[in-house]
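A.B. asks: Build me a model:
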Amino acid sequence: MPSGAVTRPADEAHLGEILAQANGNGTACRIAGGSTKQEWGNPARFDLLLSTAGLQGCSDVDPDNLTLSAAAGTTVAEARAQAEAVNRILPLDPGQPGRATIGGVAATGDQGARAAGYGGLRDVVLGIRATLADGSAVKFGGRTMKNVSGYDMTKLFLGSFGILGVITEVTFRLLPRYDTQALVLLPLASLEEAKASVARVLASYLQPLALEVVSADALPPDLAINTAKLPAGRGPAAPATAGAPAAGARPLLLAGFAGHRAAVDRSIREVTEAHAGVGPQILRDEAAEALYEHLAGIGAAGASDGQGDGAGRLGLRASVPISRALDVILAAQIYADANGLAVGYRAGAARGRVDLLFASARGEGGPERLPAAEGSGAAGFQAPAFAACLSQLRAEAARMGGSLFVTGGAGLLPSGYDAWGDMGPALTLMKRIKERFDPKGVLNPGRFVGGI
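C.D. replies: As a prediction, the model looks like this:
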């Protein structure tokens, strides 16, 4: 991705001056925070890389009214620490919280495993400040739970990938700090069993903080979970069509709970008793937190760390109805096998969001080199195999009533391949909104859907 000059405004006024000048000159600006998601979406040329890293700090922390306002360049980890200092929780759970910034998370709508309990970004953000392409500052929402009359412009900016304006500050609602948290890990024999397990939890009175299905080989190697030791009749001998993958890709159910210790313990018992004969592992407090941090690096988040193309990995994120989330994984395994690839996964089973990470199939000597093909974005890897999986899965997601986009490894795809896919009639409205906020198209041009 060709790059231009880099600027790092120290405050909102300086940012406004830079954008006003860029707008006047027609300078294409790429916006970055911690650069953890620069591979998300379409690669695009730019003249100026505008970093929000200089916009730092929490301007307002109100534990009584449960709100926190943080500048865009503040890392999620720092904002979490500010909330914890007043005995509150910042309900954010994005990938790489030590690097990811508040502005970047808001712009991309990234929320991880604990979104099952926290809610999505639109549920936890009360208001934003932003600087538009012409340099003018705007403010939407506020520091109260009910602050919207008319159009909710805050939600319009969340997940807009910076094409409407540069987010400079975000106000969040906080949560009371819970007594304890625990994460139950249950090895399962197949995706069909995982679907049944997820359905039981969702139909119960339980209120999980997290409810994920992940591939066994995506967990830390030092985590002592032996997925080979399953009850009789539940092992890998079941046919692939029944949803029984290879051992490394066998699913695990992760159910997280937080709150009063007695309530958490009761929830753990309910989940484990429904899986008699399966040896669960229970992680508590710091150990659970460490695994949540690891989960944030699985799949799409892991592909956006700058390793995507060079490592021969393609990251995808699908959003589908909750009931179809695990069907996406099953389809991904079928298409990966058909194209000579391996796939790791994690599914937010309570939200319908699935992260997939495709890689060249591994043999005893490590990654197997596929024949290089014309149009390959990474030497030694076969671009058509990755492109075929993307096309097939995108069509599958659309049939399920969802969508799919690229979160890493775009260089493995043919030149000009759209990372977002066809948005249908909605694209016309999106373009009109873009023209209203950024008529000269200087903010993140080409990165978002339809090349906006």
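A.B. asks: residues contacting K155?
C.D. replies: R122 (Cβ atoms under 8 Å, 6 or more residues apart in numbering). Using the backbone N, CA and C atoms, a C-beta is placed for each residue, glycine as well.
A.B. asks: Past the host helix or strand of it, which element shows up next along the chain?
C.D. replies: Element membership of K155, judged by DSSP states H and E, is helix 153-157. The C-terminal neighbour of helix 153-157 among helices and strands, as given by DSSP H and E, is strand 166-173.
A.B. asks: My guess is G117 contacts L206. True?
C.D. replies: No. Contact criterion Cβ atoms under 8 Å: G117 and L206 do not qualify, at 10.8 Å.
A.B. asks: Mean confidence (pLDDT) on the helix holding K155, please.
C.D. replies: When pLDDT is averaged along helix 153-157, the result is 91.
A.B. asks: Stretch 196-214 now?
C.D. replies: Mean pLDDT, stretch 196-214: 94.
A.B. asks: List the buried residues for that stretch?
C.D. replies: Neighbour counts over stretch 196-214 (16 or more other Cβ atoms under 10 Å) mark S197, V198, V201, L206, P208, L209, A210, L211, E212, V213, V214 as buried.
A.B. asks: isn't the third one right next to P208, touching?
C.D. replies: I take that to be V201. Yes. Here V201 reaches P208: they are 6.3 Å apart, a contact under Cβ under 8 Å.
A.B. asks: can I see the domain layout of the chain?
C.D. replies: Following automatic domain parsing, the chain resolves into domains at 1-176+423-452, 180-227+244-295, 300-421.
A.B. asks: Which of those domains comes out lowest on mean pLDDT?
C.D. replies: Mean pLDDT per stretch puts domain 300-421 lowest among the domains of the chain, at a mean of 78.
A.B. asks: from the middle of its chain, how far away would that domain be?
C.D. replies: 15 Å (Cα atoms, centre = their mean, to the nearest Å).
A.B. asks: One more: stretch 18-34?
C.D. replies: With Cα atoms, centre = their mean as the basis, stretch 18-34 stands 26 Å off its chain's centre.
A.B. asks: Okay, buried residues for it please.
C.D. replies: Buried-residue list, stretch 18-34, by 16+ other Cβ under 10 Å: 18-20, 22-23, 27-34.
A.B. asks: Neighbours of the closest residue to A116 other than its chain neighbours, how many?
C.D. replies: Once flanking residues are discounted, A116 sits nearest to A350: 3.9 Å by Cβ to Cβ, 6 or more residues apart in numbering. Using other Cβ atoms under 10 Å, the number of residues around A350 comes to 21.
A.B. asks: Can you name the residues that contact A350?
C.D. replies: A350 makes contact with A115, A116, V198, L202, P208, L211, I322, according to Cβ under 8 Å, 6+ apart.
A.B. asks: So which elements touch whichever strand or helix holds the third one?
C.D. replies: What it means is V198. Element membership of V198, judged by DSSP H and E, is helix 191-203. Helix 191-203 is packed against strand 210-215, strand 251-259, helix 325-338, with contacts defined by 3 or more Cβ pairs under 8 Å, 6 or more residues apart in numbering; DSSP states H and E.
A.B. asks: Among the ones you listed, show me which one is buried the most.
C.D. replies: Neighbour counts (mean count of other Cβ atoms under 10 Å) averaged over each of the helices and strands packed on helix 191-203 peak at strand 210-215, with a mean of 27.
A.B. asks: partners of that strand in the sheet?
C.D. replies: strand 251-259 (antiparallel), strand 341-348 (antiparallel) (DSSP bridges).
A.B. asks: will you turn these into a markdown table that also has distance to T154?
C.D. replies: Formatted as a markdown table, the strands paired with strand 210-215 follow (distance: least, Cβ to Cβ, whole Å):
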| stretch | distance to T154 |
| --- | --- |
| strand 251-259 | 26 |
| strand 341-348 | 23 |
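A.B. asks: now could you export just the CA positions of stretch 199-217 as PDB?
C.D. replies: C-alpha atoms of stretch 199-217 as PDB (Å, rounded to 0.1, in the frame of the first residue of the first chain):
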ATOM      1  CA  ALA A 199     -28.900 -23.200  21.700                       C
ATOM      2  CA  ARG A 200     -29.300 -24.500  25.200                       C
ATOM      3  CA  VAL A 201     -27.400 -21.600  26.700                       C
ATOM      4  CA  LEU A 202     -29.400 -19.000  24.600                       C
ATOM      5  CA  ALA A 203     -32.700 -20.600  25.600                       C
ATOM      6  CA  SER A 204     -31.900 -20.700  29.300                       C
ATOM      7  CA  TYR A 205     -32.000 -18.000  31.900                       C
ATOM      8  CA  LEU A 206     -28.200 -17.700  31.800                       C
ATOM      9  CA  GLN A 207     -26.700 -14.400  30.900                       C
ATOM     10  CA  PRO A 208     -23.200 -15.100  29.600                       C
ATOM     11  CA  LEU A 209     -20.700 -12.300  29.300                       C
ATOM     12  CA  ALA A 210     -19.200 -14.300  26.400                       C
ATOM     13  CA  LEU A 211     -20.400 -17.200  24.300                       C
ATOM     14  CA  GLU A 212     -17.900 -18.300  21.700                       C
ATOM     15  CA  VAL A 213     -17.200 -21.300  19.600                       C
ATOM     16  CA  VAL A 214     -13.500 -21.500  18.600                       C
ATOM     17  CA  SER A 215     -11.200 -24.000  16.800                       C
ATOM     18  CA  ALA A 216      -9.000 -26.000  19.300                       C
ATOM     19  CA  ASP A 217      -5.800 -25.000  17.500                       C
END
